[in-house]
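In: how does the following fold in three dimensions:
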Amino acid sequence: MADEIVRSASAQAPEGGPASAALALLHHEPGLSIRKLAERVALSHAGAVRLVDRMVAEGLVERRGQKSDGRARLLHLTVAGETAGKAVLQARNESLVRAFSVLNEDEIATLGTISERMLRALLGSEEHAGRVCRLCDRSSCLNCPVDDELRSREAACA
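Out: Coordinates of the predicted model:
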C-alpha cells in the first residue's frame, strides 16, 4: 500500500523521488527551511538544495526571506506549486480510498486503532515524525497520533 501511495503521489509531481513529498509538506507547512525539508524527505542538505533549485526553476516553489534572519530563506509554494501539492494529496487520498474500499466500517475502525498504536510505538525523534507524516493530508488528520505521541513525550520529560 505504501508503494501505491508513493507511486500515485509521485505521478502528480514534476519528477520522481522526494518531489511529491516536498510538495505535500510545503502545502501544509509553508515556510519550511531547506534544512527542515531535507530532514523530512530524507535527503542530504545538498540534495534538498538541488531539489528546491529544480522546483524553483519549474515555478513551483519560491524562496522568501525571513524577517528575523536576513540570510535565511524559507520555502513557499507558488500558485502552480499549490495546485501540484493539492494534486499530490488528492492522488494519495484516492489510493487510500481504493485500499480501504474492501473493508467494512468495523474493520476500518480496527485498522485505525492498530495503526495508531503502531505509529506511536515506531516513532523516533521529531525529525522522524516529519518523515512519517511527509505525505499526510493535515486537513484530514485532525487527531494526529504522531503529534499526540510527541506531545506525550514532551509532557513526560517536563
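In: show me the residue sitting in the middle of this protein in space.
Out: In the chain, the residue lying closest to the centroid (Cα atoms, centre = their mean) is Arg134, at 2.0 Å.
In: which residues sit against the host helix or strand of Ile5?
Out: Taking DSSP states H and E as the criterion, Ile5 maps to helix 2-10. Contacts of helix 2-10 with the rest of the structure, by Cβ atoms under 8 Å, 6 or more residues apart in numbering, involve 16-17, 19-21, 24, 88-89, 91-92, 94-96, 98-99, 135. (C-beta placed from N, C-alpha, C; glycine too.)
In: before we move on, what about stretch 106-117?
Out: By Cβ under 8 Å, 6+ apart, stretch 106-117 touches 100, 103, 145.
In: tell me which element the nearest residue to the second one once chain neighbours are set aside is part of?
Out: Ranked by Cβ to Cβ, 6 or more residues apart in numbering and with sequence neighbours excluded, the top spatial neighbour of Leu103 is Leu111, at 6.8 Å. Using DSSP H and E, Leu111 falls within helix 105-122.
In: just the C-alphas of that helix, formatted as CSV.
Out: Extracted C-alpha coordinates of helix 105-122, given in CSV (Å, rounded to 0.1, in the frame of the first residue of the first chain):
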residue,chain,number,x,y,z
GLU,A,105,-16.7,0.2,9.0
ASP,A,106,-15.7,-2.1,11.8
GLU,A,107,-12.6,-3.2,10.0
ILE,A,108,-11.6,0.3,9.2
ALA,A,109,-12.0,1.3,12.9
THR,A,110,-9.9,-1.7,14.0
LEU,A,111,-7.2,-0.9,11.4
GLY,A,112,-7.2,2.7,12.7
THR,A,113,-6.7,1.7,16.3
ILE,A,114,-4.0,-0.8,15.4
SER,A,115,-2.2,1.7,13.0
GLU,A,116,-2.3,4.4,15.7
ARG,A,117,-0.6,2.1,18.2
MET,A,118,2.0,1.0,15.7
LEU,A,119,2.8,4.6,14.7
ARG,A,120,3.2,5.6,18.3
ALA,A,121,5.5,2.6,19.0
LEU,A,122,7.6,3.1,16.0
